[in-house]
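*Asks:* fold the following, please.
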Amino acid sequence: MAAFYTVTDTHETPDGTVFRICLDPESPLFRGHFPGHPILPGVCSMRIIRECAERISGKRLSYSKVKLCRFSSVIIPGNPPAFDVRISLTDEGALSASITYDDVQYVHITSQLIA
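*Replies:* Coordinates of the predicted model:
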């Protein structure tokens with residue numbers, strides 16, 4: 001699959017790592033999901049979170065157990081123009097992550113990742 005997002009900034013906080021993400025509204029992904037009303041598929045939100053966690057760990061990771069996955073609002077490419085992926089990841093692979101923009105939480109997930 002062609003890249004459908006770009007990481008434009010990364011910074012550390014006391015709670016973990018924050019990645020600023022911009023979606024590519026012209027990606028073929030959005031032409032098929034859904035024609036005329038594009039949204040980011042939930043599985044792609046999970047992919048973005050996993051790939052950001054891989055940047056933190058320096059390892060290829062897979063979800064081994066998803067304890068909680070809550071999609072609170074749809075993400076429309078370009079609206080918001082960018083969003084933050086906030087990740088807390090332990091050495092044992094325990095992940096807590098959210099996708100947010102301003103005060104809106106779009107996704108929250110707690111899971112276990114394995115290399």
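
*Asks:* point out where this protein drops to low pLDDT.
*Replies:* 1-2 (pLDDT under 70).

*Asks:* just the C-alpha atoms of stretch 98-107, please, in CSV.
*Replies:* The C-alpha coordinates for stretch 98-107 follow below in CSV (Å, rounded to 0.1, in the frame of the first residue of the first chain):
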residue,chain,number,x,y,z
SER,A,98,-4.5,7.7,21.5
ILE,A,99,-5.1,9.8,18.4
THR,A,100,-6.2,13.3,19.3
TYR,A,101,-6.5,16.8,17.8
ASP,A,102,-7.1,19.7,20.2
ASP,A,103,-9.5,18.4,22.8
VAL,A,104,-11.0,15.7,20.5
GLN,A,105,-10.0,12.1,21.1
TYR,A,106,-10.6,10.0,17.9
VAL,A,107,-9.0,6.7,19.0
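
*Asks:* if you drop the residues flanking it in sequence, what lies closest to Arg20?
*Replies:* Setting aside the residues directly before and after it, Arg20 is nearest to Asp9 in space (C-beta to C-beta, 6 or more residues apart in numbering), at 3.9 Å. Backbone N, C-alpha and C define where each C-beta goes, glycine included.

*Asks:* how about stretch 10-20, which residues are buried there?
*Replies:* Neighbour-count burial for stretch 10-20 flags 17-19 (criterion: 16 or more other C-beta atoms under 10 Å).

*Asks:* let me redo that: stretch 18-27
*Replies:* By neighbour count with 16+ other C-beta under 10 Å, stretch 18-27 contains the buried residues 18-19, 21-23, 27.

*Asks:* from the rest of the structure, what touches it?
*Replies:* 2-12, 30, 38, 40, 48, 52, 55, 75, 77-78, 81-87, 99 (C-beta atoms under 8 Å, 6 or more residues apart in numbering).
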